[in-house]
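K.L.:
One predicted model, sequence on top.
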Amino acid sequence: MTEINNDQCVWKYIKSRNTREKSQLCRTALIDCTREYTYGQMFVEWEHYARVFSALGITGENNSRVAVAGTISAEPLFSFYGLNMTGATVSMFSYPDFLPTGQWKTMVEKEKITDLILSDIMVSPETWPEIEEAGESLGLRNIILLHSLLGGPCTGPAELVYNELNYHRLRKTPGTVFMGDLIKKYGSTPIKFGADDPDHLAIITHTSGSTKGTRKPLPYKERALNITATNFGNGFHDYSEGSDDVSLRLAPSFDFSSYLCMCGIINADLAIGDTVVLTFFGFLHPKFIKAVEYYKINVLFTSGFMIDSWLKRDDMDDVDLSSLKLFSCGGSYIPVDKVRKYNEFARKHGFDKGIGRGYGMSEAGGAQLYVPAGNEEDILGFPSSNEDILIKDENDEKFYTSKDGVRTGTMYIASDSLCTNVLDGEVLFEFTEINGKNFICTNDQVRVNSNGSISYAGRMDKFFVNNDGVRFEAGIVENEMDKQPGIDKCAVVPVLDKRIHDTVPVLYIIPENKDSDVCTDVLNALTKIFIEDGLDSSSSLPSQFVIVDSIPCNSNGKIDVFRITRERLKGTAYNIKSERKNGKLEKIDAEFSDVTSSITGGTLPEGMGGGSAFNLFELFNN
């Protein structure tokens, strides 16, 4: 087998791996709604885009850094690989960044963006003047619009009409420039190729969390992307039994601004000659699950948040998941009771294996812990490399691997595809150097079990301190409450109590069954945790719990503490009363309160200002 060269540009890495045999050029690379592109056709499209960028001076030679904000369709991908050919750096923005409460202007300024490429469905003739004006004030050299064709099972008739109507209206709007017209104009321009430098900054992806007012950027060099593709891609076949000689089909559920989607799935899938199926808005669209049966998807990576949304729907009876060979769920800790529900759901709909799980960090280029498919133990997983997972023991503060025996501590992760932690001279986050190697502190408190697996024990950074210096361990309480019967989801956040001018821990609860005696369920859960299980600490017991309909999450389904602390939520509040004898907690009770200090409303994704992502498509298709 020919040795894989990770020290080249991303576009060249993918092309070199798919031109060893001429027959590979005829295999299907992309399925985009109703369109299909072979590998040969896709490479030609990359060149068309690269010629346009060369003609416009959007090159590495001109220090271009381009924001690509696109739907999950072929045109944004062609833009990325075309820009990679010319040596420009690409920053992947997302659809929510351009909503009315989005952050794109701040992101352009902070990331020193020089040019903007934008899917036209994210713009309208009414909003174009604002984007054009902002582009001028921010010094953008070019703003280019992409038009993607809709179709397939994830598109309603109203969306089809809107997409085409909006496109034709934008074409008549002064100042708009479309890629299709630029390709016709500059189709014969020679390509100005970028330098073949493995340390060149190829892409900036973003996490769902925020830092300093915008989504956290993750800068990756060419080599890191190629290593991720090498590690991930072959794994698709390793984990899919009997599929070594069969071309797999993967459907990205997340948008291109996610490292897992753009680098861990699309780049990795194309590198091994498989097929990527693009469904425009991914799992944000309620019809996304229909694509699995329609396109015969083999591999699906998603989050617990997405499966939770499927479980709540009443239109899933005819969903067929039998084509799946690999179904993986990850991104954050998933309580074992939910894992069981997810497996039951998948098997009910024809998936004859079990859902696998992965856990890691985007900063480290993917998952470093894996749970075998169907395993329902309450664990994060088994380390894929013991040397890259270290546990800082909470007693002696020394570092150990999972081979060193049972212990509890903070988890640190390293990777050969680690992103850089500096962008334009600004340190984005800190590395911890251990034995000459850079590690990232995950801030997860974990337990190493006797079989070498690692279990989740809570978040080390999910705490807050009141005026008296008392530290409230929010992450540990959340983790234990999530395991209790009757609790669907919970969050512990600091809320300012104006009466005492101090912050107090408030527990927000979404019950599994709204018709049950939720107050009793919560009290039983608190009693089990704090009295029976011994988590008796004045720095852990919440002061109040509030029964709510929703808890805001970011686009990965993780609880968005920042939104919780700044937004308002209506709920049923109870003050927690504790009885102690000789300092020992003996009883927990609750008293109804007509004063709710509480907050939130909204679901996913970040930037939608409290509106559910699904409502957008319901509006189109009802």
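P.N.:
Arrived safely.

K.L.:
Give me the neighbour count for Gly187.
P.N.:
By the criterion of other CB atoms under 10 Å, Gly187 has 12 neighbours. Placement of C-beta: from N, CA and C, glycine included.

K.L.:
list the buried ones in stretch 385-396?
P.N.:
Buried residues in stretch 385-396, defined by neighbour count with 16 or more other CB atoms under 10 Å: Asp388, Ile389, Leu390, Ile391, Lys392.

K.L.:
I'd say Tyr95 and Ser258 touch.
P.N.:
No: Tyr95 is beyond contact range of Ser258, at 11.9 Å (criterion: CB atoms under 8 Å).

K.L.:
So which residues of the stretch 351-500 of the chain form helices?
P.N.:
474-482 (DSSP state H, counting those that start in this stretch).

K.L.:
just for it, where's the confidence low?
P.N.:
Scanning the stretch 351-500 of the chain for pLDDT under 70 picks out 367, 458-471, 496-500.

K.L.:
pLDDT at Ser208, what is it?
P.N.:
As predicted, Ser208 sits at a pLDDT of 65.

K.L.:
sorry, that was for Ile272
P.N.:
So, for Ile272, pLDDT stands at 92.

K.L.:
any idea which element the closest residue in space to it that isn't next to it in sequence lies in?
P.N.:
Distances taken as CB to CB, 6 or more residues apart in numbering put Gly233 closest to Ile272, at 4.0 Å, once the chain neighbours are dropped. Element membership for Gly233 (DSSP states H and E) is helix 222-239.

K.L.:
for Lys216, same thing?
P.N.:
For Lys216, the enclosing helix or strand under DSSP H and E is strand 214-221.

K.L.:
Repeat that for Glu586.
P.N.:
Here Glu586 is assigned to strand 584-593, by DSSP H and E.

K.L.:
Next, the buried residues of that strand.
P.N.:
If you call a residue buried by 16+ other CB under 10 Å, then strand 584-593 has these buried ones: Leu585, Ile588, Ala590.

K.L.:
Check stretch 340-350 too.
P.N.:
For stretch 340-350, the neighbour count (16+ other CB under 10 Å) marks Lys341, Tyr342, Asn343, Phe345, Ala346, His349 as buried.

K.L.:
Correct me if wrong: the fourth one contacts Asp308.
P.N.:
Think Phe345. No: at 10.0 Å, Phe345 does not count as touching Asp308 under the criterion of CB under 8 Å.

K.L.:
for the stretch 51-200 of the chain, what are the low-confidence residue spans?
P.N.:
For the stretch 51-200 of the chain, counting by pLDDT under 70, the residues that fall below are 101.

K.L.:
Which parts of it are strands?
P.N.:
65-69, 89-93, 115-119, 142-146 (DSSP state E, counting those that start in this stretch).

K.L.:
what are the pairing partners of the third one, and which direction each?
P.N.:
On the basis of DSSP bridges, the sheet neighbours of strand 115-119 come out as strand 65-69 (parallel), strand 142-146 (parallel).

K.L.:
out of these, nearest to Gly374?
P.N.:
Closest of these to Gly374 is strand 65-69, at 37.9 Å (criterion: CB to CB).

K.L.:
what's the distance between that closest one and the middle of its chain?
P.N.:
Centre-to-centre, strand 65-69 and its host chain are 18 Å apart (CA atoms, centre = their mean, to the nearest Å).

K.L.:
just to revisit the earlier point, relative orientation of the strand holding Lys216 and strand 89-93 in degrees?
P.N.:
150 degrees (axes from the mean of the first three to the mean of the last three CA atoms, to 10 degrees).

K.L.:
I'd like to know which elements strand 214-221 is packed against.
P.N.:
Applying 3 or more CB pairs under 8 Å, 6 or more residues apart in numbering; DSSP states H and E, one finds that strand 214-221 contacts helix 104-110, strand 201-211, strand 422-423.

K.L.:
I'd like to check the angle between that strand and helix 222-239, please.
P.N.:
Using the same axes, to 10 degrees: strand 214-221 against helix 222-239 is 90 degrees.

K.L.:
now strand 214-221: mean pLDDT?
P.N.:
For strand 214-221, mean pLDDT is 89.

K.L.:
roughly how far is it from the heart of the chain?
P.N.:
13 Å.

K.L.:
What of stretch 157-165?
P.N.:
Centroid displacement of stretch 157-165 relative to its chain, using CA atoms, centre = their mean, is 28 Å.

K.L.:
Which positions in that stretch come out as buried?
P.N.:
Glu159, Asn163.

K.L.:
Alpha carbons of it, in PDB - could you do that?
P.N.:
In PDB, the C-alpha atoms belonging to stretch 157-165 read as follows (Å, rounded to 0.1, in the frame of the first residue of the first chain):
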ATOM      1  CA  PRO A 157     -42.400  22.600  -1.600                       C
ATOM      2  CA  ALA A 158     -42.500  26.000   0.100                       C
ATOM      3  CA  GLU A 159     -38.700  25.900   0.600                       C
ATOM      4  CA  LEU A 160     -38.100  25.000  -3.000                       C
ATOM      5  CA  VAL A 161     -40.200  28.000  -4.100                       C
ATOM      6  CA  TYR A 162     -38.600  30.400  -1.600                       C
ATOM      7  CA  ASN A 163     -35.100  29.300  -2.600                       C
ATOM      8  CA  GLU A 164     -35.600  30.000  -6.300                       C
ATOM      9  CA  LEU A 165     -37.700  33.200  -5.800                       C
END
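
K.L.:
re the thing from before, return the member of the buried residues of stretch 340-350 nearest to Lys437.
P.N.:
Using CB to CB, Tyr342 comes nearest to Lys437 of the buried residues of stretch 340-350, at 34.8 Å.

K.L.:
Distance check, Asp181 against Tyr508.
P.N.:
Counting by CB to CB, to the nearest Å, the gap from Asp181 to Tyr508 is 51 Å.

K.L.:
Of those two, which one has the most company?
P.N.:
Taking other CB under 10 Å, Asp181 and Tyr508 do not tie; Tyr508 has more neighbours (28 against 14).

K.L.:
Please state the offset of stretch 279-289 from the chain centre?
P.N.:
Offset of stretch 279-289 from its chain centre (CA atoms, centre = their mean): 14 Å.

K.L.:
Just the CA atoms of that stretch, as PDB, please.
P.N.:
Taking C-alpha atoms only, stretch 279-289 is exported to PDB below (Å, rounded to 0.1, in the frame of the first residue of the first chain):
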ATOM      1  CA  THR A 279     -28.900  17.600   3.100                       C
ATOM      2  CA  PHE A 280     -28.800  21.400   3.200                       C
ATOM      3  CA  PHE A 281     -29.500  22.100   6.900                       C
ATOM      4  CA  GLY A 282     -28.500  18.700   8.400                       C
ATOM      5  CA  PHE A 283     -30.200  17.800  11.600                       C
ATOM      6  CA  LEU A 284     -31.600  21.300  12.100                       C
ATOM      7  CA  HIS A 285     -34.200  20.300   9.600                       C
ATOM      8  CA  PRO A 286     -37.000  18.100  11.100                       C
ATOM      9  CA  LYS A 287     -37.000  15.900   7.900                       C
ATOM     10  CA  PHE A 288     -33.300  15.100   8.200                       C
ATOM     11  CA  ILE A 289     -34.000  11.600   9.500                       C
END
